[in-house]
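A.B. asks: Whatever this is, show me its structure:
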Amino acid sequence: MSSSLDKLKALTSRLEERLEKKGDLSQTLDNEQNDQEKDVGDDTSKSIEQNIEKVEIHSENISAPTDVREANIERVKVLFTKLNIVEKSPDFDRVFLYKAMNLSGIGLKEDDFAEVREGKYIQIIAITYEPDKNGKKKAKNISLGYFGKAETLDATLKNEIIEFVLRWRYEKAFQNVEHYKDLIARVDI
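C.D. replies: Reported below is the predicted structural model:
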């Protein structure tokens, strides 16, 4: 849990840095614009147009996370079908309702990343929370894909399985960031 929180904090920090750079760029361009207006006269409009083009180019680069997110979703959809997860969870959009996703039989931690565990079975496990008979929420594991014994797993398939889980987590992090942005926006400051 702490690892996910650390990753979310790191992602948020990177986004804040990009937004800060974007703000710094706008301030710099405004300062340059003011200086040019004082010094240059008629050439000012030409310089302003050039600076606007620079801002537009930088803005395209700064908005890259949206493009990254769209590309990520497209790749998750491809893997969703390719790994036959569609058989267990036919509606692609509902796959993000799960609270978490894990792999059994393949390491995803820093120290054992992509290592298969001999004698284990490879599965993609989705985790959801459902109420028990007393109404208390309990974690429930759902197998989204079974891929056989670790020893017989094809290297390409192993990489696609890992990629699916990581890309799913990446999208889930984007969704969590959006959720918190919405909550913060609701706070009366």
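
A.B. asks: This structure: helices as residue ranges?
C.D. replies: 2-39, 44-62, 64-82, 155-186 (DSSP state H).

A.B. asks: which stretch in these is the model least sure about?
C.D. replies: Mean pLDDT is lowest for helix 44-62 out of the helices of the chain, coming in at a mean of 50.

A.B. asks: Could you break the protein into its assigned domains?
C.D. replies: 2-62, 68-186 (automatic domain parsing).

A.B. asks: what about residue 170, how many neighbours?
C.D. replies: As a burial measure, residue 170 scores 17 neighbours (other Cβ atoms under 10 Å). Glycine gets a C-beta too; all of them are placed from N, C-alpha and C.

A.B. asks: How about it: what's its closest non-neighbour residue?
C.D. replies: Setting aside the residues directly before and after it, residue 170 is nearest to residue 72 in space (Cβ to Cβ, 6 or more residues apart in numbering), at 5.6 Å.

A.B. asks: Next up, the contacts around that neighbour.
C.D. replies: Residues near residue 72 by Cβ atoms under 8 Å, 6 or more residues apart in numbering: 167, 170, 171, 174.

A.B. asks: does the third one really touch residue 96, like I thought?
C.D. replies: Yes: at 6.5 Å, residue 171 and residue 96 qualify as touching, with contact defined as Cβ atoms under 8 Å.

A.B. asks: Tell me the most packed of the contacts of residue 72, by neighbour count.
C.D. replies: Most surrounded of the contacts of residue 72: other Cβ under 10 Å gives residue 167, at 20 neighbours.

A.B. asks: List the neighbouring strands of the longest strand that the chain contains plus their orientation.
C.D. replies: In the chain, assigned by DSSP state E, the strand with the most residues is strand 137-149. The strands beside strand 137-149 in its sheet (DSSP bridges) come out as strand 121-131 (antiparallel).

A.B. asks: and the strand it pairs with with helix 155-186, angle?
C.D. replies: 20 degrees (axes from the mean of the first three to the mean of the last three Cα atoms, to 10 degrees).

A.B. asks: List the buried residues for strand 121-131?
C.D. replies: 122, 123, 124, 125, 126 (16 or more other Cβ atoms under 10 Å).

A.B. asks: what does stretch 85-101 give?
C.D. replies: Buried, per 16+ other Cβ under 10 Å, within stretch 85-101: 85, 86, 89, 95, 98, 100, 101.

A.B. asks: ok now do the fifth one, which residues does it touch?
C.D. replies: I take that to be residue 98. Counting by Cβ under 8 Å, 6+ apart, residue 98 has contacts 126, 127, 128, 142.
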